[in-house]
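1. A predicted structure for the sequence below; I have some questions about it.
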Amino acid sequence: MKKPFRLFLVVFVVLLSAISCKKDKKGSPDVSITVVTKLVPDSDIYAYKAILGATATIENAAAGKGEAWFQIATSESQLPLAPKQGVQEIPAKGGDFGMTAYDLTPLSDYCFRAGVSIDGKTSYGETQHFTTRQAAVQFNSITFSHLTHNIITENDNISVALSGQVSINVTVPSGTFIQTQANVCFLLSETEEGLLTNPIRVSANPVAAGGGMFSAQYDGLRWGLDYHYKAEVTLYFESFISPDDNTFHSPEVAAVDLGLSVKWANMNLGAHAPQEYGDYYAWGETQPKGTYTEESYTYMGNPLNLAPENDAAHVQWEGDWRMPTVGEYLELLEYCAIKHRTYHGVKGMVFTSKKAGHTDNWIFLPAAGIWFGQSVSGLDEAGSYWTSSPYSGPATAYSLDFWDRDEAGCNGNGRHLGRTIRAVRP
């Protein structure tokens, strides 16, 4: 009787496991991706370029975002091996995306499809076709040269001056209206693929139909980022971009001289613009995190002076940058005019120097609030900035605090909470 019972037990366990697995699978549904490659309307087809579009619907994705792209070829058999073009991020729920395909051949057939990948799953849309138009004129050669950039920094702004030269050789059929000028612009992006998908267009001066020098300036770069740029020339409704990828890195941060014992950073640690909140840190910790509680707090020292390896500003920005002392914040309060204001849509406090020769210099501290647990409280209402100075015992340290009025002060606060940091240097 024992063998039948054992056999029944084995079968029962197997069935139970199968049911359990089935439930687990149902409880964790696979991600679903539907990609629709859009037909190219006639208005988006030219002789040498075409504007492509697609839309994706994504369900049950665990990741916050995925990747989208296009493949282009002259035949469907070549399409699966065609390289990805216009690679870009796409939200976890999907949406529309597109790109401009350059360097096409007039009166030629092309096929393309869109692809999306998220959570390790990839899906493609149907293959679509288009035929480029006949060119109104023949472009024999378009040559770009001397593409250069020059970065200009100010107290709260960073700009780039761009310049270059283009040579255009074109044959115009008899009877065609002759253009005397070509339009030129720069395409600017924080990613190389962004030049094809969603570039910042910076208009330059027009050049003669045969080419010439051109230049432009763009204000409002973000700090501490890599930028990519190319030039684009448009003539007879056709556009051509420079082939090489040109890059520059914007400065990480500016040191503002308020006439005090130290110079102050023009933005928070982890920010890329003066109005951005940046990252949050527990006192003595050098990396931001997602939870700020007593249980998640890792720094347990109680020094008179915070060591460089425990100073987030020094670790993140290196060099002479460090967290300010409480004395340096008190100096800031004494020798600066304090005004609560809104800057680029963000509320915060402006500190303008009262020192002779420095009264045009100022810094803006956004009201970034305080990170309690897993969320930020007081966002756009209060500011709380760490100093490197301990307050009383191993549980507290000094911070600069302000609310929505024209006053601020230094107080002792719990070290385990997440606060923003404004760095200083000699």
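-> On my side now, so go ahead.

2. so where do the strands sit in the stretch 1-150 of the chain?
-> For the stretch 1-150 of the chain, applying DSSP state E, counting those that start in this stretch gives strands covering 32-37, 50-59, 65-73, 85-91, 94-101, 109-118, 121-124, 128-131, 138-153.

3. Any chance of JSON lines for these, columns mean pLDDT and mean neighbour count?
-> Yep, even glycine has a C-beta here, placed from its N, CA and C like the rest. Formatted as JSON lines, these follow (pLDDT from 0 to 100; neighbours: other CB atoms under 10 Å):
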{"stretch": "strand 32-37", "mean pLDDT": "97", "mean neighbour count": "18"}
{"stretch": "strand 50-59", "mean pLDDT": "97", "mean neighbour count": "20"}
{"stretch": "strand 65-73", "mean pLDDT": "97", "mean neighbour count": "21"}
{"stretch": "strand 85-91", "mean pLDDT": "96", "mean neighbour count": "19"}
{"stretch": "strand 94-101", "mean pLDDT": "97", "mean neighbour count": "19"}
{"stretch": "strand 109-118", "mean pLDDT": "98", "mean neighbour count": "21"}
{"stretch": "strand 121-124", "mean pLDDT": "97", "mean neighbour count": "15"}
{"stretch": "strand 128-131", "mean pLDDT": "98", "mean neighbour count": "16"}
{"stretch": "strand 138-153", "mean pLDDT": "96", "mean neighbour count": "14"}
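
4. Make JSON lines from those strands and add distance to Thr291 to it.
-> Shown next, in JSON lines, are the strands of the stretch 1-150 of the chain (distance: least, CB to CB, whole Å):
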{"stretch": "strand 32-37", "distance to Thr291": "31"}
{"stretch": "strand 50-59", "distance to Thr291": "28"}
{"stretch": "strand 65-73", "distance to Thr291": "22"}
{"stretch": "strand 85-91", "distance to Thr291": "25"}
{"stretch": "strand 94-101", "distance to Thr291": "30"}
{"stretch": "strand 109-118", "distance to Thr291": "26"}
{"stretch": "strand 121-124", "distance to Thr291": "30"}
{"stretch": "strand 128-131", "distance to Thr291": "47"}
{"stretch": "strand 138-153", "distance to Thr291": "36"}
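
5. Of the ones you listed, which is nearest Leu333?
-> Nearest of those to Leu333, taken as CB to CB: strand 138-153 at 26.5 Å.

6. Tell me the strands beside that closest one, with direction?
-> When pairs are called by DSSP bridges, strand 138-153 turns out to pair with strand 158-171 (antiparallel).

7. How about the partner strand, which residues are buried there?
-> Across strand 158-171, burial judged by 16 or more other CB atoms under 10 Å covers 158, 160, 162-166, 168, 170.

8. out of the residues you listed, who's nearest Asp360?
-> Checking the buried residues of strand 158-171 against Asp360 by CB to CB gives Ile158 as the nearest, at 17.6 Å.

9. one step back: ok, of the buried residues of strand 158-171, which one's closest to Asn268?
-> Lowest distance from Asn268 to the buried residues of strand 158-171 (CB to CB) belongs to Ile158, with 15.7 Å.

10. ok, what's across the strand from the closest one?
-> Thr153.

11. Same check on Gly373?
-> Beta-bridge partners of Gly373, as defined by DSSP bridges: Tyr292.

12. Isn't it up against Gly290?
-> No: Gly373 is not in contact with Gly290 according to CB atoms under 8 Å; the separation is 9.7 Å.

13. Show me the strands in the stretch 251-400 of the chain, by range?
-> Under DSSP E, counting those that start in this stretch, the stretch 251-400 of the chain gives strands at 255-256, 263-265, 336-343, 346-353, 362-366, 370-372, 375-377, 383-390, 396-402.
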